[in-house]
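1. how would this look folded up:
(chains A and B)
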Amino acid sequence: MMHLRLLLKLALIPFRRAWGVLGLMVISLAQMFLALWFCALLQNEISHTRQFAEQAKLITIQLKEQVDALPKIREILDGQDATIEEWDSEDVLKKMEQDEPELVQTVRSLGPEGGLLFPKMVVIRGVVLPERIEKLKMMTEISRLDQGPVHHARLTGFYKHLGIEIKIAAILLLLLVLVQLVVFQRIQNRDASEVVANLTAWGVPAIRARLPSFLSMITLSGIAALLSVLEWGIFRTFIWRDNAFLGELSLDHGLSFPWGSVAITFVVVTLMSLVLVYSGRAVEE
Amino acid sequence: MKTALLKVENLAKSYVPGEMVWKHVSFELGRGDFLYILGGSGAGKSSLLRTLASFESPSDGRVLCQGVDLQTSGRSELERIRQRISFIPQNLGLIPDLTIADHLELSRLGIRPADRMEESALKNVITLTGLANKLGKRVATLSGGERQRVAILRAFTRKVDLLIADEPTGAQDFEMTWKLMDLFVKLNLSGTALLLATHDLEMVRRLRKRCAILKDGSFKVEDRV
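-> Below is the predicted model of the structure:
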């Protein structure tokens, strides 16, 4: 096996000879990677938000008496993507004040007994599995449960289109990354030929003779990827630090680094590098 | 019947159709043979040696190395043959960014430990070429003569059947030229066949070896100059 130190030395020859051009190339490639990570992040967020917008329900629970059923409801809805809000008699009256002021005034005039006319309510908004709703229905503390979809048709339509546009942008960015690799191959072609000629002249098999050239490409992509992760870290630490969570319909649920997309990008970059380096037979061989 | 180490049959080369650089090149080289190729500048020595070392294809004829046709052989066969040949090209084929030590390491890649020159013998050659205290220096920082010695040194890192050298001492002073020629002769006496291109008639006369003359596209093997 070729010694790692020598292999690295051979792989770094193009960087020593054209460090200015290749330095710029690393920086531009890093920006492309960063934009790709953003696209992947938005795509993840969009799919989450769309799912929420399409499946969200509004569930209204009317409790039998002034009992505290909230802990049990929370337990049943544990792990569900939903918000739970409890309305007591006063909350219900406040909500009705606008539409039915006379009725509210009459109820209020009855004193504490009037409050008994309006039992406690629990309002649930979000995505809840049907079996969990059935469990809620089985609760003895509940006198009535109404449910209906929350309509976000325009929003889901918008997110659907945004998702398509982001996919197109990601494909274009990936193509740009591949173009950069082709350009790099052209730039390092002379250096790579020199190395291949040298190694094959001494009987080193062609596959191993082209290994430094492949490693040059992976080094270029690797440095650019590290730079993009560093930039991501800076964004996360200084720019997104004080971001407030705007709710289930916004695009900032997790803002976690899209490792899956990074892995896919690297598989594509590695395959492309292999094709560029190993396709055809060099004159030197 | 013993197979010749190198058998050249009616070889011809042309870069422009109808204009032959050389033609009708035929000769045989056995183990331990020594052959000078003499010719003036532009006679086609380098292209002939590159062809014999499998780095160029002839326009006609064939080169058989250890019975294997270099033009029709497969990749792995060619790799095996190249492991048994050392070639010192005129342009030296060095990588300026690497050190002398790197070049020595590089020329020993892909061969079995048994095929490597013994460390003590290699050390002697390094000392003799005057490069012992420059092994860590990058080739780019060396003089022309030193670079040529690095190229020669590489050829001595492995045990080979055939050494092909294209004007290997052209950039050396008189004393170093003879030191290097002494090395080549010793290598030849140990059983390695030598094919050396030169235009230095004086050297050929002194060493009294078989030589071939390349002139006006024709090739003729002589017993002595």
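
2. which one is residue 220 nearest to, not counting chain neighbours?
-> No chain in the question, so chain A it is. A:Phe184 (5.7 Å; Cβ to Cβ, 6 or more residues apart in numbering or on different chains). For glycine as for every other residue, the C-beta is placed from the backbone atoms N, C-alpha and C.

3. The chain in question should be chain B.
-> B:Ile213 (5.2 Å).

4. what pairs with the residue most central in space within chain B across the strands?
-> Geometric centre of chain B, nearest residue: B:Ile164, 1.7 Å, by Cα atoms, centre = their mean. In this entry, B:Ile164 is beta-bridged to B:Phe87, B:Leu195, by DSSP bridges.

5. okay, and for chain B, where does confidence drop off?
-> Residue ranges of chain B with pLDDT under 70: B:1-3, B:224-225.

6. those strands in the chain, which residues are they?
-> In the absence of a named chain, this looks at chain A. A:57-63, A:81-87, A:121-127, A:142-149 (DSSP state E).

7. my bad, chain B
-> In chain B, the segments counted as strands under DSSP E are B:6-16, B:19-29, B:34-38, B:60-65, B:68-69, B:85-88, B:162-166, B:193-198, B:210-215, B:218-222.

8. The first one near chain A at all?
-> No. Strand B:6-16 lies out of reach of chain A by Cβ under 8 Å from any Cβ of the partner chain, never closer than 14.3 Å.

9. Show the pLDDT at A:Gly280.
-> The per-residue pLDDT reported for A:Gly280 equals 66.

10. Quick check: buried residues in the top helix by length along chain B?
-> Counting by DSSP state H, the longest helix found in chain B is helix B:174-189. By 16 or more other Cβ atoms under 10 Å in any protein chain shown, the buried positions in helix B:174-189 come out as B:Met176, B:Thr177, B:Lys179, B:Leu180, B:Met181, B:Leu183, B:Phe184, B:Leu187, B:Asn188.

11. Next, the contact list for the residue nearest to the centre of chain B, please.
-> By Cβ atoms under 8 Å, 6 or more residues apart in numbering or on different chains, the residues touching B:Ile164 are B:Leu49, B:Leu52, B:Ala53, B:Ile85, B:Ser86, B:Phe87, B:Ile88, B:Leu195, B:Leu196.

12. now, which of those residues sits nearest chain A?
-> B:Phe87 (6.2 Å; Cβ to the nearest Cβ).

13. pretty sure the closest one is touching A:Ala201, no?
-> Yes. With contacts counted by Cβ atoms under 8 Å, B:Phe87 reaches A:Ala201, the gap being 6.2 Å.

14. what residues do the two have in common as contacts?
-> Common neighbours of B:Phe87 and A:Ala201 (Cβ under 8 Å, 6+ apart) are B:Phe55, B:Gly93.

15. separation between B:Leu5 and A:Glu131?
-> 84 Å (Cβ to Cβ, to the nearest Å).

16. the more surrounded of these two?
-> B:Leu5 (21 against 9; other Cβ atoms under 10 Å in any protein chain shown).

17. Can you give me the separation between the more buried one and chain A?
-> B:Leu5 is 16 Å from chain A, where distance means Cβ to the nearest Cβ, to the nearest Å.

18. Next: B:Thr157.
-> 9 Å.

19. Now do the contacts for that residue.
-> Here B:Thr157 is in contact with B:Leu104, B:Ser107, B:Arg108, B:Arg116, B:Met117, B:Leu122 (Cβ under 8 Å, 6+ apart).

20. Tell me, how many residues neighbour the residue nearest to A:Leu220?
-> That count, for A:Phe184 with other Cβ under 10 Å as the rule, works out to 23.

21. which residues touch it?
-> A:Pro14, A:Leu22, A:Met25, A:Ser216, A:Met217, A:Leu220.

22. Recalculate using a threshold of 10 Å.
-> A:Phe184 sits next to A:14, A:18, A:21-22, A:25-26, A:29, A:216-217, A:220-221, A:273, A:276 when contact means Cβ atoms under 10 Å, 6 or more residues apart in numbering or on different chains.

23. for the residues you listed, which one is nearest chain B?
-> For the contacts of A:Phe184, the nearest to chain B is A:Pro14 (9.8 Å; Cβ to the nearest Cβ).

24. which residue packs closest to that closest one, ignoring adjacent ones?
-> According to Cβ to Cβ, 6+ apart, the nearest residue to A:Pro14 is A:Gln188 (3.8 Å).

25. So which bits of chain A are right by chain B?
-> A:1-3, A:5-7, A:9-10, A:12-14, A:16-17, A:191, A:194-195, A:197-209, A:281, A:283-285 (Cβ under 10 Å from any Cβ of the partner chain).

26. What's the local residue count around the residue in chain A that chain B sits nearest to?
-> Here chain A gets closest to chain B at one residue, A:Gly203, 3.4 Å apart by Cβ to the nearest Cβ. Residues within reach of A:Gly203, counting by other Cβ under 10 Å, total 23.

27. Next up, the contacts around residue 93.
-> This is for chain A. A:Trp87, A:Glu100, A:Leu103, A:Val104, A:Gln105, A:Val107, A:Arg108, A:Gly114, A:Gly115, A:Leu117, A:Phe118.

28. should've been chain B
-> A:Glu194, A:Ala197, A:Asn198, A:Ala201, A:Trp202, B:Phe55, B:Phe87, B:His103, B:Ala151, B:Arg154.

29. switch the cut-off to 8 Å
-> Here B:Gly93 is in contact with A:Ala197, A:Asn198, A:Ala201, B:Phe87, B:Ala151 (criterion: Cβ under 8 Å, 6+ apart).

30. any chance of the strands of chain B in JSON lines, plus distance to B:Gly145?
-> Supplementary listing: these in JSON lines, determined by distance: least, Cβ to Cβ, whole Å:
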{"stretch": "strand B:6-16", "distance to B:Gly145": "29"}
{"stretch": "strand B:19-29", "distance to B:Gly145": "29"}
{"stretch": "strand B:34-38", "distance to B:Gly145": "21"}
{"stretch": "strand B:60-65", "distance to B:Gly145": "31"}
{"stretch": "strand B:68-69", "distance to B:Gly145": "36"}
{"stretch": "strand B:85-88", "distance to B:Gly145": "14"}
{"stretch": "strand B:162-166", "distance to B:Gly145": "15"}
{"stretch": "strand B:193-198", "distance to B:Gly145": "16"}
{"stretch": "strand B:210-215", "distance to B:Gly145": "25"}
{"stretch": "strand B:218-222", "distance to B:Gly145": "30"}
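
31. For chain A, give me its nearest residue in chain B.
-> B:Gln83 (3.4 Å).

32. Pretty sure that residue sits against B:Ala114.
-> No. Applying Cβ under 8 Å, one finds B:Gln83 not in contact with B:Ala114, separated by 11.9 Å.

33. So for the two, which residue has more residues nearby?
-> B:Gln83 (19 against 6).

34. Excluding sequence neighbours, find me the nearest residue to that one.
-> In space, B:Gln83 is closest to A:Gly203, 3.4 Å off (Cβ to Cβ, 6+ apart).

35. My guess is the one you found contacts B:Arg75. True?
-> No. Assessed by Cβ under 8 Å, A:Gly203 is found out of contact with B:Arg75, at 11.1 Å.

36. Tell me the residues of chain B that contact chain A?
-> So chain B meets chain A at B:55, B:75-76, B:79-84, B:87, B:93-95, B:97-98, B:102, B:105-107, B:109-111 (Cβ under 8 Å from any Cβ).

37. Restricted to helices, list these.
-> Reading helices off those with DSSP H, I get B:Arg75, B:Ser76, B:Glu79, B:Arg80, B:Ile81, B:Arg82, B:Gln83, B:Asp102, B:Glu105, B:Leu106, B:Ser107.
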